[in-house]
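>>> curious how this folds, go ahead:
(3 chains)
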Amino acid sequence: MSLLEVQELSAGYGSLPVLQGLSFKIEEGETAVLLGLNGAGKTTTVLCLAGLIKPWGGKITFDGKNVTGWDPRKLVAEGIVLVPEGRHVFPELTIAQNLRIGAWPYRRDRKHTRAIVEQAVEYFPRLQERWTQLAGTLSGGEQQMLAIARGLMARPKILLIDESSLGLSPKLTKTVFEVVQKINSDGTTVLMVEQNAGVLKIADRAFVMEKGTLVYEGQGGEILDHAEIREAYLGAPA
Amino acid sequence: MSTQTDETQTISPVASEPSRFRPSTRGWAIRLVVIALLAVVTVWRVATVQPLWADHISLAAIFAIIGLSLNIVLGYTGQVSLGHHAFVGLGAFIAAHHITERAGCAPEEGCIESSLGTFSVAILLAILSGVISAGLLGMVALRIKGLYLALITLTYGFVAVNSIFEISSLTRGGAGMPAPRPATFFSDHKYMVLCLGLLGVCMFIDWRFLRSKMGRAVLAVKSSEAVAASYAVNVTAYKLMAFMLSGAFAGLAGALFAFRRQIVVAPDFSFSTALLWVLMVVVGGLGSRLGVVIGSMFFALFPFLIQLVGFLNDFLANTLQRDPEELTLVIGPFLALLTMIQFPGGIAEQISPITRWLGGDRFTMHPEGKHHKPSLLQRRRAKKQGLEVHDDAELVATKSEDLLRDAAGEPDAASTQTMAAVDSSEEVKS
Amino acid sequence: MRTTIVSAVLVVLLGLGLLVGAGVENGPNPFITLGVMNGAVFGLVALGLVLVYKGTRVFNFAQGEFGTIAAYLLFLSINRGWPYWVGILVALAGTVLIGLVLERGVIRPLINAPRINVLVATIAAALFMIGMEILIARIEPRSLSPIIAAVDSSGNPNGVTVFNLPIEPQRLIALGVLLSLGGVLAWFFSKTDLGLAVLATSQDAFATRVMGIGIERMSRFIWVSAALLGAIAGILYVPLTGALTPAVMTSNILIPAFTGAVIGGMTSLPGAFVGGIVIGVVQSVGLWAGGHFTIGEKALQEVIPGVEQVTILLVLLAVLLSRPQGLLGKEA
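Next up, the predicted model:
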């Protein structure tokens, strides 16, 4: 059984449909990536999965449960955690406090939370250096690291990472991707939304979206070799 | 998708302009007849009104001028003034002071009618006092981002009540400062005509102001300060000028207030009155001239209207032993809250089918190409479907907030536009 | 750090003021002491204002009326013959209930509306409460007794005497309550999960939703706490004024409290505390100066009535002109 199964999902804003019958499956332990041009519905998909947009129709099954239309609170407790596009760290709180907010659903279990903090700092040593600095004063790359670390605090079974490479230098992007790979190999399933073709190197599975539906599905490496798709959806050659 | 907000904001919505409805010749004729009938009936009713009601209508006109004054602050600049009792009160005292102390027309010296000349000067001085005090306060409050004008005007009102209105040379203490009317407007009836006339003048000025370069700039500042500033609009200066115009209206209203009773006493201008004035503008419909005038007049006349309803008056006077004016303090805020939560367009929105029809449009709640606030029922239904509904006719729909919300990924009207724009740009790319 | 420095500077200034004041005949010292005591009440209301501002970025104009309502509830309970402490419980519970109703019925429906709408809504709520007070309790003043009587049964004053000025026990209680509540709130917002979550909600509501925190819960918490703070201020202050009338807290306390909060920076809890005390002293010294100094033949307060209110406006204007972010605030 797949960890996450999306069937015929449709959603939109006001009267404007964005997702029109989207279906895909993600197996436990893999890194999946959602590709597509601006407006294809990638962000809408992850917002739906995280419960921030209520789907119009279709079904989302997670870990054997039908979680369609659930509240974000319940979904986070269930283990679906989103690292939103644009980082959205709390600017007037320190790194330490940001991480503490991330552990909100498990605020009574301090001991385990401390262990996760240690792990997160191991992934991103930079955070340790700026431990008591306000998040608003961090660089874009550091904020992205903090956002991912904060997501980890909620003990995800699946981590949804939206456009983590946006606005980062190629070098920083590489670092972030490497850490995501490490997080994945430590046992967390990952779904990334990306426009950066570099992500395919760490992806087990790739989905390509266009106009709210799936147009291609394959292994990460396959797409890299697939010249047509690469040019149409990833812009630059990899 | 939210990353495109900046770029797509410049792309105008793709929807094509629907051809505008135009009534037939017969349609226009019917509309003209209705307008003429309304005008004739109103003029006839007002012209033959009892002196007592003439006095009430004067008050209504004064409230309407105050309403227009506050509407400039709240409806056009998106700020709020909680010290309008001070502006109005200062105007009243200055006008009265000029007549009695400087022009020497004091009742104790047997002067019961002021001359038309001193009367006009008194009104001008009152207007000036409003402009100056608004200018001084606005200079401090409007430079700062945020709603600090509310705080400063609130404190100014507090100072006015406790300090300025206690200066006995200006107010003659508890006895009050007399303000005799000139012979031309001596009867209540003539005075009512004056008040209504000046209300008309204020409405005209307000209309011209909004059509002027300054008015458009102020509205632009309200919808997005940052964008307006980037088009070289001097944000602070325009807000300040709008606030000074508001002060001018308030000063005028103060002078009219003084001559209505022909004596000015400080308790007429209390803090809770100022709050009630803010609320009457909200109930009337922010930004709508006609709505604000109707709302203000309703608030002014409410206590008198209650007395017309016999059983209600009996109940209040005998069973509850309460003054109808006390009831205004409960009903007014209640109506304002109801307006903000359920009917953000206020009275203006509710009568809009009529006004639109008279203006040569179809009789409908839903004008073409114009968003309107979804009803409670529609929202409930939408909520059941799991959608969030965005109010388009909010008191002050700050575009930048929409953008922020959009960036946060919440679905609303703005993101619908964004999505539409993104879709079209996508087609261009592929 | 900054808080410590600013507080230390203010304490030194206060000390200097008292020292200089001791050299003046009929000097300001009793007024300064009284100012600190009044400032405690301003500080309490300012704490509530800052709490709501931190959480929702809105000036809460209903903050004062929470106190008046609480005072009326206490008055009614005592009038029924219930013990004082029961009256206090009734007042706190009743005001919290009003806070809940206000949050659910007015604030929550406007959660996505522009801030100015919420601000106007709090004005409407305040006026509605005032209207209800007038309608139910009438305008005539009532007298509310303090927790501990100012004079004991044999006619000797309770409490302490500073600079020949007897300080009622009620004022000491107010100061103590302010100090402890200030401490509790500062701890709450820096050390507890709930406190941090409230701060987080005010900084990025979307991100708090993403983290699985219900923002409705935060909003409810903020308004209940604000109502509670307002109620405590009302119960402590009204017995000191001698007269319980409708809108008493809004007309006497709200404006100095706002000024205090602005001095403190609107977002800073220690700032609200310090600002409240500062404004209490400024107002009191203004009152003293009005009686002490003369212009020509007349006393200052005859030329400018209400000198103490004018000083508040001047301080507010000066702070907003020179340091809009306040003494302790990070932003305006």
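>>> so what's residue B:148 up against?
By Cβ atoms under 8 Å, 6 or more residues apart in numbering or on different chains, the contact list for residue B:148 reads B:141, C:262, C:320, C:324, C:332. For every residue, glycine as well, the C-beta is placed using N, CA and C.
>>> give me that answer again for 10 Å
B:79, B:140, B:141, B:142, C:59, C:262, C:266, C:316, C:320, C:324, C:332 (Cβ atoms under 10 Å, 6 or more residues apart in numbering or on different chains).
>>> most surrounded residue in those?
Most neighbours among the contacts of residue B:148, by other Cβ atoms under 10 Å in any protein chain shown: residue C:262, with 32 neighbours.
>>> right, and the helix or strand after whichever strand or helix holds it?
Under the criterion DSSP states H and E, the helix or strand holding residue C:262 is helix C:255-264. Per DSSP H and E, the first helix or strand lying C-terminal to helix C:255-264 is helix C:269-292.
>>> off-centre distance for that following helix?
Chain-centre distance of helix C:269-292: 12 Å, with Cα atoms, centre = their mean, to the nearest Å.
>>> hmm, that helix in reach of chain A?
No: between helix C:269-292 and chain A, judged by Cβ under 10 Å from any Cβ of the partner chain, nothing touches; the nearest distance is 13.5 Å.
>>> other SSEs contacting that helix?
On a contact count with 3 or more Cβ pairs under 10 Å, 6 or more residues apart in numbering or on different chains; DSSP states H and E, helix C:269-292 meets helix C:2-22, helix C:29-56, helix C:169-191, helix C:255-264, strand C:298-299, helix C:300-303, helix C:307-322.
>>> next, the angle from it to helix C:2-22.
Angle, helix C:269-292 to helix C:2-22, by axes from the mean of the first three to the mean of the last three Cα atoms, to 10 degrees: 20 degrees.
>>> pLDDT averaged over helix C:269-292 - what is it?
Here helix C:269-292 scores 84 as its mean pLDDT.
>>> for chain A, give the residue positioned nearest to chain B.
residue A:54 (2.7 Å; Cβ to the nearest Cβ).
>>> which SS class is that residue?
Classification of residue A:54 by DSSP: H, G, I helix; E, B strand; the rest coil places it in coil.
>>> so for it, what's the pLDDT?
89.
>>> quick one: the residue nearest the centre of chain B and chain A, what's the gap?
Closest residue to the average C-alpha location of chain B: residue B:71 at 3.0 Å, with Cα atoms, centre = their mean. Going from residue B:71 to chain A by Cβ to the nearest Cβ, to the nearest Å gives 30 Å.
>>> pull the CA atoms of the helix holding residue C:262 into PDB?
What follows is helix C:255-264, C-alpha atoms only, in PDB (Å, rounded to 0.1, in the frame of the first residue of the first chain):
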ATOM      1  CA  ILE C 255      -6.300  57.700  26.900                       C
ATOM      2  CA  PRO C 256      -3.400  57.900  29.400                       C
ATOM      3  CA  ALA C 257      -3.100  54.100  29.000                       C
ATOM      4  CA  PHE C 258      -2.900  54.400  25.200                       C
ATOM      5  CA  THR C 259      -0.300  57.100  25.600                       C
ATOM      6  CA  GLY C 260       1.700  54.900  28.000                       C
ATOM      7  CA  ALA C 261       1.500  52.000  25.500                       C
ATOM      8  CA  VAL C 262       2.700  54.200  22.700                       C
ATOM      9  CA  ILE C 263       5.600  55.500  24.800                       C
ATOM     10  CA  GLY C 264       6.500  51.900  25.500                       C
END
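>>> same list, the contacts of residue B:148, but as CSV with distance to chain A and pLDDT please.
Converted to CSV, the contacts of residue B:148 look like this (distance: Cβ to the nearest Cβ, whole Å; pLDDT from 0 to 100):
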residue, distance to chain A, pLDDT
B:79, 25, 86
B:140, 27, 83
B:141, 25, 82
B:142, 26, 82
C:59, 19, 88
C:262, 19, 87
C:266, 13, 82
C:316, 25, 86
C:320, 22, 84
C:324, 18, 73
C:332, 14, 33
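>>> how many residues are close by residue A:227?
Going by other Cβ under 10 Å, the residues that sit close to residue A:227 add up to 10.
>>> residue C:52 - nearest residue in space that isn't next to it in sequence?
residue C:60 (4.1 Å; Cβ to Cβ, 6 or more residues apart in numbering or on different chains).
>>> tell me the secondary structure of whichever residue of the stretch 151-300 of chain C sits closest to chain A, please.
Residue of the stretch 151-300 of chain C nearest chain A, by Cβ to the nearest Cβ: residue C:212 (2.9 Å). Classification of residue C:212 using three-state DSSP returns coil.
>>> give me phi/psi at it?
Dihedral pair for residue C:212: phi 80, psi 30, per degrees, to the nearest 10.
>>> and it, how far from chain B?
In this view, residue C:212 and chain B are 16 Å apart by Cβ to the nearest Cβ.
>>> distance to residue A:204 added to the helices and strands packed on helix C:269-292, as CSV?
Formatted as CSV, the helices and strands packed on helix C:269-292 follow (distance: least, Cβ to Cβ, whole Å):
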stretch, distance to residue A:204
helix C:2-22, 51
helix C:29-56, 43
helix C:169-191, 42
helix C:255-264, 54
strand C:298-299, 86
helix C:300-303, 82
helix C:307-322, 58
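>>> what's the closest of those to residue A:149?
helix C:169-191 (20.6 Å; Cβ to Cβ).
>>> just the CA trace of stretch A:204-212, in CSV.
Taking C-alpha atoms only, stretch A:204-212 is exported to CSV below (Å, rounded to 0.1, in the frame of the first residue of the first chain):
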residue,chain,number,x,y,z
ASP,A,204,13.2,8.5,-6.9
ARG,A,205,10.1,9.4,-8.8
ALA,A,206,9.0,12.5,-10.8
PHE,A,207,5.6,13.8,-11.7
VAL,A,208,5.1,16.4,-14.4
MET,A,209,2.0,18.5,-14.2
GLU,A,210,0.3,20.7,-16.8
LYS,A,211,-3.0,22.6,-16.5
GLY,A,212,-4.0,20.8,-13.3
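>>> break down chain A into its helices, ranges please.
Taking DSSP state H to define them, one finds helices in chain A at A:42-49, A:72-78, A:95-102, A:110-123, A:125-129, A:140-153, A:170-185, A:220-225, A:227-234.
>>> where does chain C dip in pLDDT?
Within chain C, the stretches with pLDDT under 70 are C:1-3, C:19, C:21-26, C:150, C:159, C:164, C:327-332.
>>> tell me which residue is most central in it.
With distances taken as Cα atoms, centre = their mean, residue C:45 lies nearest the centre of chain C, 2.1 Å away.
>>> how about the helices of the stretch 251-400 of chain B, start to end?
Along the stretch 251-400 of chain B, the segments classed as helices by DSSP state H, counting those that start in this stretch run B:271-284, B:289-308, B:310-314, B:324-342, B:346-350, B:352-358, B:376-384, B:399-407.
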